[in-house]
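[1] My questions concern the predicted model and sequence given below.
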Amino acid sequence: MFFATLFTVRFIKSKQPVDLSVSCTITAPEIKRNIQDKLVIKLNGSAAPIDMVNKPIVSGITIKPEIKGNWVWDGANKIVFEPIENWKIGTDYKIELDKSVLADHVKLRDKKELAFTT
């Protein structure tokens, strides 16, 4: 009986998600070619909540100064921002990711605030 219980506990634990620490890189828009180019945040692991893969992100990400556009999960490890307005040339932008954007078992290893200049 003891071994059956031990096996059951180990089996259940092996099926639970393991905490994952991911880092991210940002690809700033290339506004020389297209003033409405996309912004891409790439994570080095599957970080999207399973039900959010390839879906819009409606909250949890902010960009300052504000620019109108849409955030979307592109697969499980890439977030894309598609601007509706033009990027302002020579502007410092800051992006803040809330932990609610990521799957529950995923932690962001880097800063939660990303920055780039157009």
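    That came through fine. Numbers count the residues shown, from 1 in each chain.
[2] Excluding its own residues, what touches the helix or strand containing I95? List them.
    For I95, the element it lies in under DSSP states H and E is strand 92-97. With Cβ atoms under 8 Å, 6 or more residues apart in numbering as the test, strand 92-97 has contacts from 24, 26, 39, 41, 60-65, 67, 108, 112-118. For the C-beta atoms, the positions are set from N, CA and C on the backbone; glycine is no exception.
[3] Ends of stretch 27-36, what's the gap?
    End-to-end distance of stretch 27-36: 14 Å, with Cα to Cα, to the nearest Å as the criterion.
[4] mind listing what L102 touches?
    V22, A47, A48, P49, L108.
[5] repeat that with 6 Å
    Applying Cβ atoms under 6 Å, 6 or more residues apart in numbering, we find L102 in contact with A47.
[6] and what of N86?
    I35, Q36.
[7] Okay, it and V58: tell me how far apart.
    Distance of N86 to V58, given as Cβ to Cβ, to the nearest Å: 23 Å.
[8] right, and the helix or strand after the helix or strand hosting T62?
    Using DSSP H and E, T62 falls within strand 61-64. Following strand 61-64 in sequence order, the next helix or strand is strand 69-73 (DSSP H and E).
[9] packing partners for that following strand?
    strand 78-83 (3 or more Cβ pairs under 6 Å, 6 or more residues apart in numbering; DSSP states H and E).
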